[in-house]
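Enquirer: predicted model, plus sequence, below.
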Amino acid sequence: MAYEPLPAVPDYTALEKDVLDWWDREGIFDKLRKQNAGGERFGFLDGPITANNPMGVHHAWGRTLKDVFQRYKAFRGLDQRYQNGFDCQGLWVEVEVEKALGLNSKRDIEEYGLAEFAARCVERVAEYAEVITDQDRRLGRWMDWDNDYYTFSDTNIEYIWRFLKAVHERGWLYKGHRSTMWCPRCGTSLSQHEQAGEENYVELEHPSLFVRFPLKGREGESLIVWTTTPWTLPANVAAAVKPDAEYGLRDGHWMLAEEKGEYDHVARGEELVGLQYVGPFDDLPGAVKEHRVIPWDEVSLTEGTGIVHIAPGAGTEDFELGRIHELPVVVPIDESGRMLPGFGLLEGLSTDEVEDVVIEDLRERALLVDSGRITHRYPICWRCKTPLVFRVVDDWFISAQEVRQELLDANATVEWTPSFYSKRMDDWLRNMGDWNISRKRYFGLPLPFYPCECGELNVVGSRAELEERATGGLDQLQELHRPWIDEVPVSCSRCDKEVRRIPEVGDAWLDAGIVPFSSLGWQSPEWIPGGYATGASRGLSGADLPDHAYWERWFPAHWISESREQIRLWFYSMLFMSVTLEGRAPYERVLAYERVRDEHGKEMHKSTGNAIAADDAIEQMGADVMRWMYSEQVPSQNLNFGYGPAHEIKRRLLTLWNSVKFFVDYANVSPDEEPGALDPLDRWLLSRVEQLVADATDAYERYWTPAVISSFEAFVDDLSNWYIRRSRRRFWNGDAAALDTLRTALTRSLVVIAPVMPFLAEHLWRVLRGDDEPESIFLVRWQDAGERDEDLLQEVGETRRVVELGRQARSTSGLKLRQPLRRLVVEGAPLAEKHADEIREELRVKDVEFGPVEASELRVKPNLPVLGPKLGRELGAVRAALEAGEFEEVNGGFRVAGHELGAEEVLVERTGKEGWAVAGADGVTVALDTALDPELELEGRVLDLIHELNSMRKQAGLELTDRIVVTLPESASDLLAHEDWIKEEVLAVEIRADGGSGEPEIAKA
Ligand SMILES: [Zn+2]
Ligand SMILES: [Zn+2]
């Protein structure tokens, strides 16, 4: 049969687009889903991608891994849901829409109008959901694209309401009054889990001030405090000292005493406690007028003056101290971070603008002792990168105390890849605080909390409950978002008074965390076709709302995969919600992975010009090359992504391409014959491919793509550099058994790699497949590894090692491969003895001996970093003895100059004695006799000529089967001693040696 010829190198982009079109035209994905429908299930749950921007190359890593394992499980016949998810509300989307509309504050949004703002948010999500879908398809991801879940649907919102009601019934829901990290641009508090990532801290420069607080009743004495936040000084209430530390008074200044300092007076911190002082801004109406010294064991003795300025309204620890000591709380800034009325000159200034005014004012009043600048790590908003401040506000929390142990127990049932991430999750669960779920924003989950003045907190658990209890506003309730929801008051369940909803919206991780319930129809009494697409997602998705029986079939998910930072985000919120509702983890296995860097290991930033857009990467590298790069990466380490690594992958992939091309080229010129008996080499390749299947199956089952890639590459190397190389003559002769064996091995290995490189695998499958085989590689069923001849595999493995070492020995001695040699001695590879002929041919040696290599010299040197400390002054003597060869080998180590040295204490090198080239590794040593004689030299020249003539054939564009006539110069006539050999190797019918003094020539016969 004739195979479609392949070009010399693949055009990945063209090939991939071709395959995509063909998949669409032929409905291959639908055929696969039909083929697997009703089979055993593989429950995968997609973590929602935020639909507010195009997908980046960091998203493509996770999306590749998801697709790889979904494709693998489909090969195994497993039935899957393939539902993609979009995250659609909360700060993510709001901030992007604000940027697009040129809005800069919450007031701007309110002036723009909440209904209009919500509409713009929905539009942005719809736009980018489409963009991301196109990118994902191009990346090769197979999903049920028109039935995505959107977290802003009313259905999703209602499921979260149910969760919140359950939380309230357990008594975990409370309103907290506390100091919290606050973004002045977004105008909202942020939660611990949102802010915990290392990327949310940057080096920033701030003022560093030493300020004097004059003590009352102690004329001429002042406390000296240090601060980097001048805006907090007007909110000062107290100064904290460490009770058991020593403080000293010098020049009227109290500070931590230095050990050898000279002071007018020295006192322990506890002696200062209770003293009163004049605050830095007591003239301002907003400031408190009474200030005192309080004790605090946590005062740092390494930073500042040992006396800490305490402003309970502007810092978390300050707030907690304030509670203990019943201090007043002064909040100096409003929600946009500007100083409130009551702070005189400072009113209306931002925390940055305040700096110079405060410094100048303190200086004028002689309260500033010293000032400078300091660079330190400082938190920024995870969403908009604005430096954060602290404010004391009311927020809604879910208490984590009661559920903490249950969460830990549930995590113990989850299998993590890499496994140490399990401990990371445990650490997070042990240390996390209560869950701050409220955000003072607009387009997010409307929290269904209706506090009544009678003391009752009404929590509405569903839309039906809302409708039942509403006292008005239902006719305008087009969806459950603000502003519409705000117009629906309900009646209090205790006193029947009308109560209104709090204005806050929810943390976006509630939206994503509920997905294992909302998208699978938990407790849904009936199946509602198209029933998931409610509220804002109406018209965007055709997803059904399944019934509870369906949820029981698909919950918990067998496997999920997202980046490692989701431990404190999505993995966490899902676990929290699922343990609360069902008492168990919503997933059985998790694969997590680290971050994408540029190819030099630096963070990618648009501003530094090293960012790569996913679209550009796909077009220029090809999706398969990207997928290979993601799959090869050990997930617990950052991936260095770039065009350099992509180029290197393309180079490596050429071996596979060339092997298929080799097959096609020879099969197309060979007669169609029934294959005869198999050669031992054929049996080896067929065993070898089964070994590949076994190794890859094991790797896929462990969710470990790096091992899939390494076993595939090792196989392709064996196939190309051993099987094909050793079988060339049979292919020239059109040997049907060799062709059939090669085709079988290629198609079987393509299935193995198809989940990683779906495009190239599909393309090559379509070139190679037989008429009785499935039209698409993805319709093939995975066959587990069949029988293999382990002895043969080991023999050939050892033989290949010997040949590799032989080549290495040649190259380190500068002996070219084409120069035949007399003798090779092999030690430590007994299994290779059966393959001595192959070794002889591959290494161009006349004889191969198996036995001890005596031609090598052992050189032993001290491993200085280890031996230096151990031997001390005796090192010199040991070194001299080693150098002189005065040592004995004992029990894997060495005895020298009265010392026994272990293998790790020395560096061992084997070198050839004069006239020998030696190489060794892993217990195998080979030695090549490098001596030449006239016969060997002549053969070397013959091989050079054969090589030259074959290159000329290629350059002349001859077909593989064309015969030639060769004309040699007179000077080469001695080569005719090997005339038959040359003829056979270059397909010559005649060789003449009368060509004068020029170069060899060839002509088609
Ligand atoms: Zn922000
Ligand atoms: Zn009430």
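Expert: Alright, I've got the coordinates. Ligands and ions are numbered 1, 2, ... in the order given.
Enquirer: for Gln401, helix, strand, or coil?
Expert: coil (DSSP: H, G, I helix; E, B strand; the rest coil).
Enquirer: need the residues of the stretch 251-400 of the chain near ligand 1, please.
Expert: Within the stretch 251-400 of the chain, the positions adjacent to ligand 1 are Cys381, Arg383, Cys384, Thr386 by C-beta under 5 Å from the ion. Any C-beta I mention is one placed from the backbone N, CA and C, and that applies to glycine too.
Enquirer: not counting its neighbours along the chain, what's nearest the last one?
Expert: Closest residue to Thr386 apart from its sequence neighbours, by C-beta to C-beta, 6 or more residues apart in numbering: Arg185 at 4.1 Å.
Enquirer: closest one of the residues of the stretch 251-400 of the chain next to ligand 1 to Gly90?
Expert: Arg383 (8.9 Å; C-beta to C-beta).
Enquirer: count of neighbours near that closest one?
Expert: Residues near Arg383, counting by other C-beta atoms under 10 Å, number 20.
Enquirer: which residue packs closest to it, ignoring adjacent ones?
Expert: Arg383 sits nearest to Leu91 (C-beta to C-beta, 6+ apart), 4.6 Å away.
Enquirer: next one: Arg726
Expert: Nearest in space to Arg726, with sequence neighbours left out and distances taken as C-beta to C-beta, 6+ apart, is Leu681 at 5.8 Å.
Enquirer: count the neighbours of that neighbour for me.
Expert: The number of residues packed near Leu681 is 20, by other C-beta under 10 Å.
Enquirer: pretty sure it contacts Arg728?
Expert: No. Leu681 is beyond contact range of Arg728, at 11.4 Å (criterion: C-beta atoms under 8 Å).
Enquirer: just the CA atoms of the helix or strand containing Asn411, as CSV, please.
Expert: Using DSSP states H and E, Asn411 sits in helix 404-412. Extracted C-alpha coordinates of helix 404-412, given in CSV (Å, rounded to 0.1, in the frame of the first residue of the first chain):
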residue,chain,number,x,y,z
ARG,A,404,-10.8,22.5,61.2
GLN,A,405,-10.3,19.0,62.4
GLU,A,406,-12.9,17.7,59.9
LEU,A,407,-11.0,19.5,57.1
LEU,A,408,-7.7,17.9,58.2
ASP,A,409,-9.4,14.4,58.3
ALA,A,410,-10.9,15.0,54.8
ASN,A,411,-7.5,16.0,53.4
ALA,A,412,-6.0,12.8,54.8
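Enquirer: strand partners of the following helix or strand past that helix, parallel vs antiparallel please.
Expert: Downstream of helix 404-412, the first helix or strand assigned by DSSP H and E is strand 415-417. Paired neighbours of strand 415-417 in the sheet (DSSP bridges): strand 587-593 (parallel).
Enquirer: how far off centre is the strand it pairs with?
Expert: For strand 587-593, the separation from the chain centroid amounts to 13 Å (computed by C-alpha atoms, centre = their mean, to the nearest Å).
Enquirer: what helices or strands is the helix or strand following that strand leaning on?
Expert: Next helix or strand after strand 587-593 toward the C-terminus (DSSP H and E): strand 596-598. Under the contact criterion of 3 or more C-beta pairs under 8 Å, 6 or more residues apart in numbering; DSSP states H and E, strand 596-598 touches helix 57-75, strand 639-641.
Enquirer: where do the strands of the stretch 451-600 of the chain begin and end?
Expert: Here the stretch 451-600 of the chain has its strands, by DSSP state E, counting those that start in this stretch, at 457-459, 490-491, 498-499, 505-506, 557-563, 587-593, 596-598.
Enquirer: need the ones you listed in CSV (columns: mean pLDDT and mean neighbour count).
Expert: Listed next are the strands of the stretch 451-600 of the chain as CSV, based on pLDDT from 0 to 100; neighbours: other C-beta atoms under 10 Å:
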stretch, mean pLDDT, mean neighbour count
strand 457-459, 98, 19
strand 490-491, 98, 20
strand 498-499, 98, 18
strand 505-506, 96, 25
strand 557-563, 98, 22
strand 587-593, 98, 21
strand 596-598, 96, 20
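Enquirer: output the longest strand belonging to the protein.
Expert: Looking across the chain with DSSP state E, the single longest strand is strand 201-214.
Enquirer: what angle separates whatever helix or strand comes next after that strand from strand 201-214?
Expert: Per DSSP H and E, the first helix or strand lying C-terminal to strand 201-214 is strand 222-227. With axes from the mean of the first three to the mean of the last three C-alpha atoms, to 10 degrees applied, the angle from strand 222-227 to strand 201-214 works out at 170 degrees.
Enquirer: which ones are touching the closest residue to ligand 2 within the stretch 501-650 of the chain?
Expert: Nearest residue of the stretch 501-650 of the chain to ligand 2, counting by C-beta to the ion: Arg501, 14.2 Å away. Residues in contact with Arg501 (C-beta atoms under 8 Å, 6 or more residues apart in numbering) are Pro446, Leu447, Pro448, Phe449, Tyr450, Ile485, Asp486, Val488, Pro489.
Enquirer: average pLDDT for the longest strand of the chain?
Expert: Average pLDDT, strand 201-214: 95.
Enquirer: next: stretch 410-426.
Expert: Per-region confidence: stretch 410-426 scores 97 on mean pLDDT.
Enquirer: what are the contacting residues of it?
Expert: With contact meaning C-beta under 8 Å, 6+ apart, stretch 410-426 is reached by 408, 429, 564, 567, 571-572, 575, 578-579, 583-585, 587-592, 635-636, 702-704.
Enquirer: which residues touch the residue nearest to Arg726?
Expert: Neighbours of Leu681 in contact, by C-beta under 8 Å, 6+ apart: Tyr723, Arg726, Ser727.
Enquirer: nearest to Ala927, of these?
Expert: Nearest to Ala927 out of those is Arg726 (C-beta to C-beta; 23.4 Å).
Enquirer: so what's Tyr174 closest to, chain neighbours aside?
Expert: Of all residues not flanking Tyr174 in the chain, Phe397 sits nearest, at 5.6 Å (C-beta to C-beta, 6+ apart).
Enquirer: what number of residues lie near the one you found?
Expert: Neighbours of Phe397 under the rule other C-beta under 10 Å: 18.
Enquirer: what do you get for the one 4 residues further on?
Expert: The number of residues packed near Gln401 is 9, by other C-beta under 10 Å.
Enquirer: number the chain from 42, please
Expert: Taking 42 as the first residue, the last one we looked at is Gln442.
Enquirer: do you know how far it is from ligand 2?
Expert: Look at Gln442 and ligand 2: by C-beta to the ion, to the nearest Å, they are 28 Å apart.
Enquirer: next up, phi/psi of the spatially closest residue to that residue that is not a sequence neighbour, please.
Expert: Of all residues beyond its chain neighbours, the one nearest Gln442 is Asp475 (7.8 Å), with distances taken as C-beta to C-beta, 6+ apart. With angles defined as degrees, to the nearest 10, Asp475 sits at phi -60, psi 150.
Enquirer: thought Asp475 was touching Val444?
Expert: No. Using C-beta under 8 Å as the test, Asp475 is too far from Val444 to be in contact (10.5 Å).
Enquirer: can you report how many residues lie near whichever residue of the stretch 592-741 of the chain sits closest to ligand 1?
Expert: Relative to ligand 1, the nearest point of the stretch 592-741 of the chain is Leu610 (16.8 Å; C-beta to the ion). Close neighbours of Leu610, defined as other C-beta under 10 Å, add up to 21.
Enquirer: contact partners for it?
Expert: Applying C-beta under 8 Å, 6+ apart, the residues near Leu610 are His234, Glu235, Trp550, Ala553.
Enquirer: before we move on, what about Pro566?
Expert: Applying C-beta under 8 Å, 6+ apart to Pro566 gives the contacts Asp588, His589.
Enquirer: try 7 Å this time
Expert: Going by C-beta atoms under 7 Å, 6 or more residues apart in numbering, Pro566 touches Asp588.
Enquirer: ok, now Pro248?
Expert: Thr269, Pro271, Glu396, Ile400, Ser412, Arg414.
Enquirer: what comes up buried for the helix or strand encompassing the last one?
Expert: Arg414 belongs to strand 409-420 when elements are defined using DSSP H and E. Buried residues in strand 409-420, counted by 16 or more other C-beta atoms under 10 Å: Leu409, Val410, Tyr419, Pro420.
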